[in-house]
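Trainee: Pasting the sequence and the predicted model now:
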Amino acid sequence: MRTILLVIFSCLFVAASFAGTIKGKVTSKATGDPLAGANVYLQGWPIGAATDESGMYSFEAKDGKYVLVCEYVGFAEEKSDVQLAGTVTKNFELVEFLFAKTISVIADRAKERETPVAYSDVSKERMELTLASQDIPMVLNTTPSVYATMQGGGPGDARINVRGFDQANVAVMINGMPVNDMENGWVYWSNWDGLGDATSSIQIQRGLSATTLATPAIGGSMNIITDPTAHEAGLLLRQELGNDGFLKTTFTGNTGLVDSKWAINATVVRKTGDGLIDKTWTDAWAYYFGAAWNINEDNRLELYAMGAPQRHGQNSYKQNIATYDQEFAKSLDDYDQAALAEFPQASSGRKYNQTWGPVSASYSGQQYWNGSTHDRYASDYIMERANYFHRPLANLNWYSQISNSVSLYTILYWSGGIGGGSGTFGSLVWDYSLPNSRHIDFDGTIERNMNSSTGSTGILRNSVNNQWTVGAIGKVYWKVNDQVTTNFGVDWRTAEMDHFREVRDLLGGKYYRSIGDSDFWDGPKDLKLGDKFNYYNTNTVDWFGFYGQADYKSGNLSLTGTAGYSMIKYTFTDHFTEDPDNAGKELYLETNNISGYQIKGGASFRLAEGMDLFGNVGYISKVPIFDAVINDGEGTKAEDPKNETFTHFELGFNHHTLGGKLTYNAGVYYTIWNDRTKSIGITQQDGSEGLVFLTGMDQTHMGFELELAYQPVDILRFDLAGMVADWKQRPLPGLQFPD
């Protein structure tokens, strides 16, 4: 009874002490956008609250007279005298020093009603609801003109296309740092497995986008933000279970913003599974660390480190539809029914994967990768195709408010990388029990290799890609006046990549005899596990670019214009080939600086409240990728490589109506792509791999997009996205390509 009375007394005391409520909304005075995470508190009292995603705050205090303070990084502090008696509403419209929100500026995030580009935002809540354990691009499939697929089904093997452009032409950034491959522009999502658990938001911009980096974004840009201050304090342990042995454990710890000064966010992920498709297993870790420190009201530091060491089985080969499902193939109007007899259905149906084969458990041979020998993933089968890679990233961001009109934003970053993928080399025994498809007869191959007097006739190899990149991005923002804002920046990067093949598995033999792989070998060489062969190259990429941008805002009109220039230099060293002009030295090729540029601009006009029209145009001369300049298979370089060029036009319309319950965006675009280069991997008749490289192709991309959202009540929302598009490649004479 005494305890109950104490509880009742305490509740009455609290009710008497906190008799009033202070509430309101915090927004940007320039844009009207809500500011999430702003701190509102009573000066001299430990009482206050942070705003939610809608910019709303609310807290209780005793009736009386106070000074109410509102703070937000990058904005001028505001104070207001309040007389609390009952409920008081106080809204704040904060003035930005430079319309800057730290990492959002570095990542070139588009703003509603201001930035004249087509874009879509994906919140953390939506990712948690729909992404589950898929690769990050899969959450964007409900966005117009965006197509993401897991391809063969292996974890981390996803790819994304935007407006018909593959991800080599989509600028992908994590916390403002570009992560596209320096040689070919590609993005390997296995490197970021688990990053979705630490992401606070994603913005996908379609078309020319607002990206100011020297790397031009043709199809669009993807900005992934993992701001540590965007997460509330707490610990999270999440356990996910699924079919085919799927098991994922995620542990996250967040401090939230402490004393308006610092915040830390850390995530560790462990994921294993057998895979839905046969033997597309995964064995992966992921880690993420983010920290922010508001040194003072004018300076902020952010540190990020992340990586995802992983291995997974792959399904690399396409099959005829009937191999997976004869009934489905038979139901297709355009399927040749005669092919049903030639392509019988695999016993595992749609789960069929030809890149593995059973092996006797008595075979105990080890495999080699990442500098040492390891036990095989499984004792009863061997994978022909497996991927393994670890690409750690680290970047330090510094935001400095030099004055009320000038800001400086700087990123220093480093990226490593070690790993590769496996495949076959030489002559192996094949099992053709399923016509028009094959897998390795490992027991037959091992027996032949063990009985061979000249070593293994066929082996498994690794194609290795070890690399490192360092870079710096600097941006200066200058607010000329209330209407004109300018910014200028530089983008510098340098990277080195080692490419080679090495012996992964001798498949029962004592060695593999390599003949003529290197000019520096004295005759044939008997290779053991881990020995390099076939090719061994070191490539470097040196990149430098700069840009200037100006924005004009007056009344209902917003204008923007950007001009950028970049130059790139490639080198190639073949460690197995002797330089014909320099006896005893390795073959070395170096290009001159190759330059490119981009010019783009746009306008947005607010027709009425909640209704605006925008348009943008641009011309881009894109520097060719490494493979278009240097043929590292033949050791030659193009003396006069051609830039790819893009001409782009776009017109769009945005409308918010029904009190904000209904939002829809619509737009049309037209892009001309000239002098396209494309590399196509092929399997030759003898089973070896090859590469065909095409240049001088032209394409046109045009389409109509629609995105609609209707939320009649707080707990229910309907989304609709669609597009009609025509993406055509005009073939070279004598070549035919499908649309």
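Mentor: All right, it came through fine.
Trainee: From here on, just use CA atoms for contacts and neighbour counts.
Mentor: Noted.
Trainee: residue boundaries of the strands in the stretch 251-400 of the chain?
Mentor: 262-273, 282-296, 299-307, 310-313, 356-358, 367-369, 372-374, 381-383, 386-390, 393-401 (DSSP state E, counting those that start in this stretch).
Trainee: and if you look at the stretch 401-550 of the chain?
Mentor: 406-415, 418-426, 430-431, 439-440, 458-479, 484-505, 512-514, 525-527, 532-554.
Trainee: re earlier: hey, which of the strands of the stretch 251-400 of the chain is tucked in deepest?
Mentor: Among the strands of the stretch 251-400 of the chain, strand 310-313 has the highest mean neighbour count (mean count of other Cα atoms under 10 Å), at a mean of 26.
Trainee: name the helices or strands packed onto that strand?
Mentor: strand 282-296, strand 386-390 (3 or more Cα pairs under 8 Å, 6 or more residues apart in numbering; DSSP states H and E).
Trainee: Walk me through the domains of the protein.
Mentor: Taking automatic domain parsing as the reference, the chain has its domains at 17-94, 103-234.
Trainee: rank the ones you listed by pLDDT, which is bottom?
Mentor: Lowest mean pLDDT within the domains of the chain: domain 103-234, at a mean of 78.
Trainee: gap between it and the chain center?
Mentor: Its chain's average C-alpha position is 5 Å from that of domain 103-234, according to Cα atoms, centre = their mean, to the nearest Å.
Trainee: now do stretch 500-511
Mentor: 34 Å.
Trainee: just to revisit the earlier point, Phe653 is nearest to which of the strands of the stretch 251-400 of the chain?
Mentor: Evaluated with Cα to Cα, the strands of the stretch 251-400 of the chain place strand 393-401 nearest to Phe653, the distance being 33.8 Å.
Trainee: Strand partners (parallel or antiparallel) of the closest one?
Mentor: Strand 393-401 sits in its sheet next to strand 299-307 (antiparallel), strand 406-415 (antiparallel), going by DSSP bridges.
Trainee: nearest to Thr143, of these?
Mentor: Among those, strand 299-307 sits nearest to Thr143 (Cα to Cα), with 26.9 Å.
Trainee: Can you check what angle separates the closest one from strand 282-296?
Mentor: 170 degrees (axes from the mean of the first three to the mean of the last three Cα atoms, to 10 degrees).
Trainee: which residues touch strand 299-307?
Mentor: 191-192, 286-295, 390-401 (Cα atoms under 8 Å, 6 or more residues apart in numbering).
Trainee: ok, back up a step: among the strands paired with strand 393-401, which is nearest Arg206?
Mentor: That would be strand 406-415 among the strands paired with strand 393-401, by Cα to Cα, at 24.5 Å.
Trainee: circling back to that earlier point, could you dump the helices and strands packed on strand 310-313 into TSV with distance to Val258 added?
Mentor: Formatted as TSV, the helices and strands packed on strand 310-313 follow (distance: least, Cα to Cα, whole Å):
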stretch	distance to Val258
strand 282-296	10
strand 386-390	33
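Trainee: From Tyr72, how far out is the closest residue to Glu232 other than its chain neighbours?
Mentor: In this structure, Glu232 finds its nearest non-sequential neighbour in Gly256, 4.6 Å apart by Cα to Cα, 6 or more residues apart in numbering. From Gly256 across to Tyr72, the span is 14 Å (Cα to Cα, to the nearest Å).
Trainee: Neighbour count: those two, which is higher?
Mentor: More crowded of Gly256 and Tyr72, by other Cα atoms under 10 Å: Tyr72, with 22 against 19.
Trainee: which phi and psi does the residue nearest to that one when sequence neighbours are not counted have?
Mentor: Nearest in space to Tyr72, with sequence neighbours left out and distances taken as Cα to Cα, 6+ apart, is Ala38 at 4.9 Å. Main-chain dihedrals, Ala38, degrees, to the nearest 10: phi -70, psi 150.
Trainee: And for Ala38, the neighbour number?
Mentor: 24.
Trainee: Report the contact partners of it.
Mentor: Val26, Ala50, Thr51, Gly55, Cys70, Glu71, Tyr72, Val73.
Trainee: what's the most distant pair in these?
Mentor: Gly55 and Val73 (14.3 Å).
Trainee: Quick check: bridge partners of the residue lying closest to Gly419 once chain neighbours are set aside?
Mentor: Of all residues not flanking Gly419 in the chain, Phe389 sits nearest, at 4.1 Å (Cα to Cα, 6+ apart). Listed beta-bridge partners, Phe389: Gln310, Gly419 (assigned using DSSP bridges).
Trainee: what does the one 4 residues further on give?
Mentor: Each beta-bridge partner of Leu393 is listed here: Met306, Ser415, as defined by DSSP bridges.
Trainee: Check which residues of the helix or strand containing Val82 are buried.
Mentor: Per DSSP states H and E: Val82 is located in strand 78-84. Neighbour counts over strand 78-84 (16 or more other Cα atoms under 10 Å) mark Val82, Leu84 as buried.
Trainee: for that strand, packing partners?
Mentor: Using 3+ Cα pairs under 8 Å, 6+ apart: strand 78-84 touches strand 20-28, strand 64-71.
Trainee: what does that strand rub up against?
Mentor: By Cα under 8 Å, 6+ apart, strand 78-84 touches 20-22, 62-71, 92, 94.
Trainee: hey, C-alpha coordinates of that strand in CSV?
Mentor: Listed next in CSV are the C-alpha coordinates belonging to strand 78-84 (Å, rounded to 0.1, in the frame of the first residue of the first chain):
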residue,chain,number,x,y,z
GLU,A,78,16.6,31.5,-32.9
LYS,A,79,15.2,32.5,-29.5
SER,A,80,11.7,33.5,-28.4
ASP,A,81,10.2,34.7,-25.2
VAL,A,82,7.2,32.5,-24.2
GLN,A,83,4.6,32.8,-21.5
LEU,A,84,3.4,29.2,-20.7
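Trainee: Just want the angle from it to strand 20-28.
Mentor: Computed by the same axes, to 10 degrees, the angle between strand 78-84 and strand 20-28 is 160 degrees.
Trainee: Next one: Ala266 from Val179, what distance?
Mentor: 21 Å.
Trainee: What of Thr454?
Mentor: 45 Å.
Trainee: So for the two, which sits in the more crowded spot?
Mentor: Taking other Cα under 10 Å, Thr454 and Val179 do not tie; Val179 has more neighbours (18 against 14).
Trainee: Tell me if I'm right that that one and Met173 touch.
Mentor: Yes. Under the criterion of Cα atoms under 8 Å, Val179 is in contact with Met173, at a separation of 5.8 Å.
Trainee: ok now do the residue nearest in space to the middle of the chain, which residues does it touch?
Mentor: Nearest to the mean C-alpha position of the chain, by Cα atoms, centre = their mean, lies Val172 at 5.0 Å. When contacts are counted by Cα under 8 Å, 6+ apart, Val172 touches Pro178, Val179, Asn180, Val187, Ser221, Met222, Asn223, Ile224.
Trainee: Throw these into a markdown table and include secondary structure and distance to Ile382, thanks.
Mentor: Listed next are the contacts of Val172 as a markdown table, based on DSSP: H, G, I helix; E, B strand; the rest coil; distance: Cα to Cα, whole Å:
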| residue | secondary structure | distance to Ile382 |
| --- | --- | --- |
| Pro178 | strand | 36 |
| Val179 | coil | 32 |
| Asn180 | coil | 32 |
| Val187 | coil | 27 |
| Ser221 | strand | 39 |
| Met222 | strand | 37 |
| Asn223 | strand | 38 |
| Ile224 | strand | 36 |
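Trainee: so which of those residues comes closest to Leu527?
Mentor: Using Cα to Cα, the contacts of Val172 come closest to Leu527 at Val187, 32.7 Å.
Trainee: Perfect, that will be all.
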